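# here is a sequence together with a model predicted from it:
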Amino acid sequence: MSLYLTTPIFYVNAPPHIGHAYSTIVADAVSRFKRLNGEKVFFQTGTDEHGDKIVQAAADADVSVREYVDNISRMFRDTWPPLAIEPDRFIRTTDSDHIATVQRILQQVYDQGDIYFAEYTGLYCKGCEQFLTEKELVNGLCPDHQKPPVAVSEQNYFFRMSKYQQWLIDHITSHPECITPERYRNEVLAFLREPLEDLCISRPTSRLTWGIPLPFDDRFVTYVWFDALINYLTGIGYPDAPHFSEYWGAAEHIIAKDILKPHAIYWPTMLRAMGLAPFHRLHVHGYWNMGETKMSKSLGNVVRPLELTEQFGADTVRYFLLREMSFGLDAGFSLEALIARRNSDLANDLGNLVSRSLTMVKNFVGGKVPAPGPLAPLDQELADAALAMLGEYRQRMTGFAFRQALEAVWEVIGRANRYIVATAPWELAKDPARATRLATVLHTLLETLRLVTLTLHPIMPATAAKMSAALGLTAVPDLNRDGRWGLLAPGTAITLGEALFPRLDAKGAAQAAAPKGQPNKTPAAKAPAAAPAPAPPIAEEGLITFDHFQQTELRVAEIIAAQKVPKADRLLQLTVKAPEERTIVAGIAEFYQPEQLIGKKVIIVANLKPAKLKGILSQGMVLAAKAGDRLVLSTVDGDIPPGSKVA
Ligand code: MSP
């Protein structure tokens, strides 16, 4: 199977921001996922460099247009490698093969009679040097220049788009999967209920020279979409390249909803006019917002991908963006949310699982994959869950549901962490008679880690590579070959590297990474919620945000056993159910007798990093209230099962 995957080609009138990075990370992650699945992929991104917006931006920057586009295009190209994004082609609409392809197609469509010359009367804003539509006006005025546009007649070339309207409706209706998620297909079909107008595809050179000349009339240049959309054909060598048909038949475009209409309406009708099949799929995502407002260059409220990558590393940024946004819907960007995910999902959940598991393999079984005995029900449960997760992961990734794919993986990571607590390998290690059981538990953990690693290659390539190296996996990963249980060969050396995700000091990190304040142009961007002001520090006047609070996992735990800790007057060793069994060492011996505690339901901090107290590993903390020399345990006011979350 082959796949041709594209991002939009981005305008070079401003440097890249996180919105651009999201589409490109999605394309990269899907490319890696498909390759992991043994498929052949061609992934293309690039820059859109013609048009009056770009001429204007160059004039504002006081440099030549050529210099300007070279410079910003390079910024886009240089942003991707540090994010581990590896396109097969970075296309520019100023590339000579693209110019030739656009001219060839224009000539063909013109020759067959689908491009015609006509007079056009429209509302022209002199300030913008553009025609505006009625919809773009605010109270009859150009929103940027606050002046009424004037009716101007101009001769131009038009593409006979209306001719293909019924064909397009029929095509979308009979290929419902061609625009996803469904809401965007419905939006397009709703739009197609109104008669489609023909598309103006030129600008006279008296107004714009920075464009591709029409091959049949050099008094005009091509205008925007007839130039930009064709990049998707140029990139794979239309029409003669040997692999052109193979890739075109498997073309999938990734865009945000802002450019739905050109992609879902102009593009398929253009392709139809050229005698080509429409693209296979269009995947449409929502906006990254800052506060209530779309992140956009014109509002100046942007976050720069390179700055974020320097601060947090590519994998954290990729994970955060893919995990936080539900594909198709809008999502809010905040540094606090990014740091919270880094600390909870990556450092606590994944990082701890890896370091605990590998440390135990090193300390208890000589740093080699142990030979397992038969699986006990607890082991089988984890193995089954890991395999079921792989199935769900594949299905979700195929459906662009990255968030749900990652939720499934993290569910297993959580299970594996609880499995460690439940099986207590450190106890097994004390008893030579239980060596086989210990080997089975550690093998089960390593296998789970191996399957988790497999799923992380598309999302966090560097982390997956480190985890593979730690597990002694050297072959190029392959979802079909490796997606089974029990493939780690006993005897393989396991290496314990550095911590994968050191925890970040949330306050310092948020301040260091806050977007640089820039003057905002619009009132909307000045509103507090949308301003690019530094993210609020984590504790402002002693206050924390809800996100910070959520990092602490409080749970109800039932005490099922308690005993004094030898040679420690103040400590009791508790065994609690929360809902799995765990050991907690609590400094409450002066206030409670062990037998008083059995059956009590208390509140514990469940995600506290385990620590050794008098040689006993304490996995959590019991909450208690203290006043003077009195201490009472926190309890719950009613019957509720152990493990219930406290929030
Ligand atoms: N040049 C055209 C596209 C031509 S494609 C043949 C263009 N360029 S753009 O620079 O404005 O990029 C728009 C695209 O950038 C969106 O469709 C999306 O992929 C990405 N995003 C820009 N801002 C975004 C957000 N705030 N949120 C999510 N994605 C965003 O349109």
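It's in.
# low-scoring stretches of the protein, by residue?
129, 507-548, 550 (pLDDT under 70).
# ok, the residue in it positioned nearest to the ligand to residue 30 distance?
Residue nearest to the ligand within the chain (CB to the nearest ligand atom): residue 19, separated by 2.3 Å. Glycine gets a C-beta too; all of them are placed from N, C-alpha and C. Between residue 19 and residue 30 the computed distance is 18 Å (CB to CB, to the nearest Å).
# ok, now residue 155?
Distance from residue 155 to residue 30, by CB to CB: 44 Å.
# those two: which is more packed in?
Neighbour tally, residue 155 and residue 30, criterion other CB atoms under 10 Å: the higher count belongs to residue 30, 22 against 12.
# so the more buried one makes contact with residue 401?
No. Look at residue 30 against residue 401 with CB atoms under 8 Å: they stay out of range, at 11.6 Å.
# so what's in contact with those two at the same time?
Shared contacts of residue 30 and residue 401, defined by CB atoms under 8 Å, 6 or more residues apart in numbering, are absent.
# check contacts around residue 318.
The contact partners of residue 318, by CB under 8 Å, 6+ apart, come to 25, 29, 83-84, 459-460.
# can we see that at 6 Å?
The contact partners of residue 318, taken as CB atoms under 6 Å, 6 or more residues apart in numbering, are residue 25.
# just give me the neighbour total for residue 137.
15.
# next, it: phi, psi?
phi -80, psi 150 (degrees, to the nearest 10).
# so how far is residue 455 from residue 23?
From residue 23 to residue 455 the distance is 22 Å (CB to CB).
# let me fix that: residue 624
40 Å.
# between those two, which one's more packed in?
Taking neighbours as other CB under 10 Å, residue 624 and residue 455 compare with residue 455 leading, 26 against 17.
# who touches the helix or strand hosting residue 574?
Assigned by DSSP states H and E, residue 574 belongs to strand 572-577. Strand 572-577 is contacted by residues 557-563, 565, 583-586, 588-589, 616, 642 when judged by CB under 6 Å, 6+ apart.
# over to stretch 282-292?
With contact meaning CB under 6 Å, 6+ apart, stretch 282-292 is reached by 18-19, 179-180, 184, 253-257, 260, 263-264, 294-295, 301, 327, 329-333, 400, 529-530.
# from these, list the buried ones, please.
When the contacts of stretch 282-292 are checked for burial by 16 or more other CB atoms under 10 Å, the buried set is 18-19, 179-180, 184, 253-257, 260, 263-264, 294-295, 301, 327, 331, 333, 400, 530.
# just the C-alpha atoms of stretch 476-484, please, in PDB.
Provided in PDB are the C-alpha atoms of stretch 476-484 (Å, rounded to 0.1, in the frame of the first residue of the first chain):
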ATOM      1  CA  VAL A 476      13.900  -1.400  12.300                       C
ATOM      2  CA  PRO A 477      10.600  -1.600  14.100                       C
ATOM      3  CA  ASP A 478       7.700  -3.200  12.300                       C
ATOM      4  CA  LEU A 479       4.100  -3.100  13.700                       C
ATOM      5  CA  ASN A 480       3.100  -6.400  12.100                       C
ATOM      6  CA  ARG A 481       6.200  -8.400  13.000                       C
ATOM      7  CA  ASP A 482       6.700  -6.900  16.400                       C
ATOM      8  CA  GLY A 483       3.100  -6.500  17.500                       C
ATOM      9  CA  ARG A 484       2.900  -9.800  19.300                       C
END
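# residues in contact with it?
36-38, 390, 454, 457.
# buried residues in it, which are they?
Across stretch 476-484, burial judged by 16+ other CB under 10 Å covers 477, 479, 482-483.
# and what of stretch 366-380?
Buried-residue list, stretch 366-380, by 16+ other CB under 10 Å: 369-370, 372, 375, 379.
# hang on, residue 167 in a strand?
No. Going by DSSP: H, G, I helix; E, B strand; the rest coil, the assignment for residue 167 is helix, not a strand.
# spit out the contact partners of it.
Per CB under 6 Å, 6+ apart, neighbours of residue 167: none.
# can you show me the strands along the stretch 451-600 of the chain?
Shown for the stretch 451-600 of the chain, the strands assigned by DSSP state E, counting those that start in this stretch span residues 554-564, 572-577, 581-586.
# partners of the last one, with directions?
Partner strands and pairing direction for strand 581-586 (DSSP bridges) are strand 572-577 (antiparallel).
# now residue 444, nearest residue through space, not along the chain?
residue 379 (4.4 Å; CB to CB, 6 or more residues apart in numbering).
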